[in-house]
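Chemist: take this sequence and fold it.
(2 chains)
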Amino acid sequence: MGEAKERVSEEVRDYTGAKLGMWLFLLSEILLFGGIFILYSAYRYKNPVEFHHASQELDVVLGTLNTLILLTSSLTMAISISAIQKGQAKLSGWLLAATIILGLLFLMNKGIEWGAKIHYGIYPGSPALLSRAKGEILFFGLYYVMTGLHGLHVLVGVCVLVVMLILLRRGKIGPTRFVSLENSGLYWHLVDIVWIFLFPLFYLIT
Amino acid sequence: MELEETSHHTRNRTYLLAWLGLVILTGTTVSLAGMGLGRLAILSVLLIAGTKSALVLTYFMHLRSERMLIFKVIIPLVLAVFLVFIILTFSDVAFRGGVK
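Modeler: This is a model prediction of the structure:
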């Protein structure tokens, strides 16, 4: 009997605590990206003309497309969680898979964009970049660091979502047990928010 | 029982509307930036980005339906900390040139 009781207590889960922990992590992420955003603002303030010239070289169409991709992936993520809460495991799985595919699509576009820049010899420390004005070197340095760090977050997010999909298929995530999926969703949405700020700062303000 | 109290059941229609709002705001910000408004462009583009984040936080991240106070103050709190960082950095950057 004592053993049975123990097994029951193992099943106790702290739903609010788990979510609060995730939020605390997300706050540290906001400050991580926030710090680099301040760095960007300070350098932009010091080199307005060079930042203006350099930002015109980025592809607004590709940036807008990637924004729409991430926004849509947030939608499929949110509905996937809502579906599992209603017990629609199959629908939830498909929406999760769609989120993963959209995340990969985002990374693919980012790869194309970086590839084109690198093809033109614009990458950190490249001779073509170093021959330019100081402000433009700073702009592209920040561009690679910030979109790179963000891309890394998308990649991590995709991996986490793949694990969630496996757990979902195995029935480890279900209508009464979905906090891990919900927390992954929170992370995914935060990565979306970071892009919401990166996109105008690099592509739009010229 | 705790699940009943804290989990949320946002309707899919709400998610779709939030997404539609985000897409429309994206279109607005792209066309605004193309108008060449100068300094006003930075302000408008950042305001729109702030609005979009608020939409994501409120609807997709369920801050609207969180009942515990801690979830309500978490974002204002981190924004306040961030604001202090911005003020400290710019009070340095803006006046450093004066000392030679």
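Chemist: where exactly do the helices run in the chain?
Modeler: I went with chain A, as the question did not name one. The residue ranges that make up the helices of chain A, judged by DSSP state H, are A:2-10, A:15-46, A:48-55, A:60-85, A:89-119, A:127-130, A:134-169, A:179-199.
Chemist: my bad, the chain I had in mind was chain B
Modeler: Using DSSP H, helices in chain B cover B:2-6, B:12-33, B:39-55, B:69-96.
Chemist: what bits of chain A have low per-residue confidence?
Modeler: By pLDDT under 70, the low-scoring segments of chain A are A:1-12.
Chemist: residue contacts, the residue of it found nearest chain B?
Modeler: For chain A, the residue positioned closest to chain B under CB to the nearest CB is A:Leu204, at a distance of 3.7 Å. Glycine gets a C-beta too; all of them are placed from N, C-alpha and C. With contacts taken as CB atoms under 8 Å, 6 or more residues apart in numbering or on different chains, A:Leu204 has the following neighbours: A:60, A:63, B:29-30, B:33, B:41, B:45.
Chemist: name the member of those with the most neighbours.
Modeler: Greatest neighbour count in these, by other CB atoms under 10 Å in any protein chain shown, goes to B:Thr29: 25 neighbours.
Chemist: may I see the contacts of A:Leu204 organised as JSON lines, with distance to A:Tyr187 added?
Modeler: As requested, these are exported to JSON lines (distance: CB to CB, whole Å):
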{"residue": "A:Val60", "distance to A:Tyr187": "28"}
{"residue": "A:Gly63", "distance to A:Tyr187": "22"}
{"residue": "B:Thr29", "distance to A:Tyr187": "24"}
{"residue": "B:Val30", "distance to A:Tyr187": "27"}
{"residue": "B:Ala33", "distance to A:Tyr187": "29"}
{"residue": "B:Ala41", "distance to A:Tyr187": "31"}
{"residue": "B:Val45", "distance to A:Tyr187": "26"}
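Chemist: and which of those residues is nearest A:Tyr40?
Modeler: Using CB to CB, B:Val45 is the member of the contacts of A:Leu204 that sits closest to A:Tyr40, with 13.8 Å.
Chemist: hmm, the closest one is touching A:Ile205, no?
Modeler: Yes. The pair B:Val45 and A:Ile205 qualifies as a contact (CB atoms under 8 Å) at a distance of 5.9 Å.
Chemist: tell me which two of the contacts of A:Leu204 sit farthest apart.
Modeler: Maximum pairwise distance among the contacts of A:Leu204 (CB to CB): 15.6 Å, between A:Gly63 and B:Ala41.
Chemist: joint contacts of B:Val45 and A:Ile205?
Modeler: Going by CB under 8 Å, 6+ apart, residues that sit against B:Val45 and also against A:Ile205 are B:Ala33.
Chemist: out of the helices of chain A, which comes closest to B:Met68?
Modeler: Comparing these against B:Met68 with CB to CB, the closest turns out to be helix A:15-46 (6.7 Å).
Chemist: flag every buried residue along the closest one.
Modeler: Neighbour counts using 16 or more other CB atoms under 10 Å in any protein chain shown place A:15-16, A:19, A:22-23, A:26-27, A:29-30, A:33-34, A:36-40, A:42-44, A:46 of helix A:15-46 among the buried residues.
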